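Q: Would you be able to build a 3D model of this:
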Amino acid sequence: MRVGVSSYWFNRGQGVVGRQLRSALESLGHETFVLARPTRETNIKPSFVDDAGVWNQAGVTVASSYEIPAAELLEWAAECRLDAALFDQNYQFAEITALREAGVRTFGRFVWEHFSNEHVDPARRAFETVYSVTACEQERYRALGLQTPRVPWGIHPELLGQEQPAREDGGVVLFFPGGFMSKRKPVAPTLKAFSKAKGDDLRLVVKAQVDRGVDAVREAARRDPRIEVIASDLPTHEHLRLFASADVCLAPSRWEGLGLHLFEATALGLPIVTNDNPPMNEIVEHERNGLLVRGARSKQRPRSDVPSFDPDRRQLTKAIERLRDPGLREALRAGARERREELAWDRTLNGLQELLKPT
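A: Modelled structure (predicted):
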């Protein structure tokens, strides 16, 4: 089939999912085309679409704006002679309905922390199928009366084969994937938990893609020299090399739509510390490939009524201290390697193939 993919097209979760989804479709034998959706003008990276590195691909059309006009969407589909189109986190239901009525099979995926009851009926009209990538997402949609087939996400092949760079410091490095440092990230509780942890051999690297929210980390680093902040949107290969140089992924989260960093950490064979809430605990099994700490209800809320959690500070501190033990780290690394096999990309390919079968 000739299949379109429309999503952000830069180094953020939605864009990475769109890019990896495109590669999955091509490996299944489909011809693919991308309609890259620019960020909003109010975004920290306004009207942004990347065209460097892994984002420099043929068959990418850049949309005129975040809100893609129906005529533009129909023109893209006609020029590419699309049989189907996959959309990620796109609430332009009227425009996508017009595309479906024009004969294009439409498929949609949303993050559960945004999708609410008000979206169910228009989504049914716009999409032949809404699909899920996590179990908690699928369960939530079922509770809203929407049956969504599962395309279970796996570890993309581009993440494999990354060797851990040699380090001479002999310490224990924890890597906090801060991304865009949104309210989804419990930065303050995590910094406090780390600062309370005993051990001069401990180091915390907070990696942010933007400067937003890093002043608090810099202040924490001034008080605790074990903390380092890196605020730079690195190319994919440099990001993975930096990630691989760590010993542990420290990734508590108030909520996650998917949590690509958890798949990255597992691909790299790193133990993960996070809170015992979905979808994080769909990837991390306590004392197998990581440590799970209790999540307490957070005052920070997502757009939908999905619950939000802060990590228990004392449990998080204890987990950090436990990971000073090289025997425990090696046992969890072995578990990560097992989980890497269980989360193989083939399961995503199989789910996608089933999704696109003719009805």
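Q: Check the separation of the first and last residues in stretch 104-120.
A: Terminal residues of stretch 104-120 lie 20 Å apart, using C-alpha to C-alpha, to the nearest Å.
Q: same check, this time on stretch 32-52
A: Terminal residues of stretch 32-52 lie 19 Å apart, using C-alpha to C-alpha.
Q: Tell me which residues of that stretch come out buried.
A: Buried positions in stretch 32-52, judged by neighbour count with 16 or more other C-beta atoms under 10 Å: 32-39, 45, 48-50. In short, each C-beta sits where N, CA and C put it, glycine included.
Q: And the furthest pair within these?
A: Pairwise distances across the buried residues of stretch 32-52 (C-beta to C-beta) peak at 24.7 Å, for the pair T32 and K45.
Q: Let me know whether R167 touches R203 as I believe.
A: No - counting by C-beta atoms under 8 Å, R167 stays clear of R203, with 10.1 Å between them.
Q: Overlap in contacts, those two.
A: Shared contacts of R167 and R203 (C-beta atoms under 8 Å, 6 or more residues apart in numbering): V173.
Q: okay, these two: which has more neighbours?
A: More crowded of R167 and R203, by other C-beta atoms under 10 Å: R203, with 19 against 11.
Q: residue contacts, V151?
A: Going by C-beta under 8 Å, 6+ apart, V151 touches 109, 131-133, 348, 351-352, 355.
Q: can we see that at 10 Å?
A: The contact partners of V151, by C-beta atoms under 10 Å, 6 or more residues apart in numbering, come to 21, 24, 86, 107, 109, 131-134, 138, 347-356.
Q: what do you get for P252?
A: By C-beta under 10 Å, 6+ apart, the contact set of P252 is 176, 185-187, 189-190, 193, 272-275, 277, 280, 292-293, 295, 309-313, 316, 319.
Q: ok, 7 Å please
A: When contacts are counted by C-beta atoms under 7 Å, 6 or more residues apart in numbering, P252 touches 186, 190, 274-275, 311, 316.
Q: tell me which element it is part of?
A: Per DSSP states H and E: P252 is located in neither a helix nor a strand.
Q: Tell me how far the closest residue to it other than its chain neighbours lies from L291.
A: What sits nearest to P252 in space, not counting adjacent residues and going by C-beta to C-beta, 6 or more residues apart in numbering, is P311, at 3.8 Å. Distance of P311 to L291, computed by C-beta to C-beta, to the nearest Å: 11 Å.
Q: higher neighbour count, those two?
A: P311 (29 against 23).
Q: For that one, give me phi and psi.
A: Main-chain torsions, P311, degrees, to the nearest 10: phi -70, psi 140.
Q: hang on, it packs against N275?
A: Yes - assessed by C-beta atoms under 7 Å, P311 is found in contact with N275 at 4.5 Å.
Q: Give me the common contacts of the two.
A: Common neighbours of P311 and N275 are listed as 252, 293, 295 (criterion: C-beta under 7 Å, 6+ apart).
Q: Adding distance to M181 and pLDDT, write these out as a markdown table.
A: Formatted as a markdown table, the shared contacts of P311 and N275 follow (distance: C-beta to C-beta, whole Å; pLDDT from 0 to 100):
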| residue | distance to M181 | pLDDT |
| --- | --- | --- |
| P252 | 14 | 98 |
| V293 | 21 | 98 |
| G295 | 20 | 97 |
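Q: Sort out which one of the residues you listed lies nearest L262 for me.
A: Taking C-beta to C-beta as the measure, L262 lies nearest P252 of the shared contacts of P311 and N275, at 11.4 Å.
Q: if I look at the closest one, how far off is A246?
A: Remark: distance between P252 and A246 (C-beta to C-beta) = 15 Å.
Q: Skip ahead from the helix or strand harbouring V17 and say which helix or strand is next.
A: For V17, the host element (DSSP H and E) is helix 13-27. Elements were assigned by DSSP H and E; along the chain past helix 13-27, the next helix or strand is strand 31-36.
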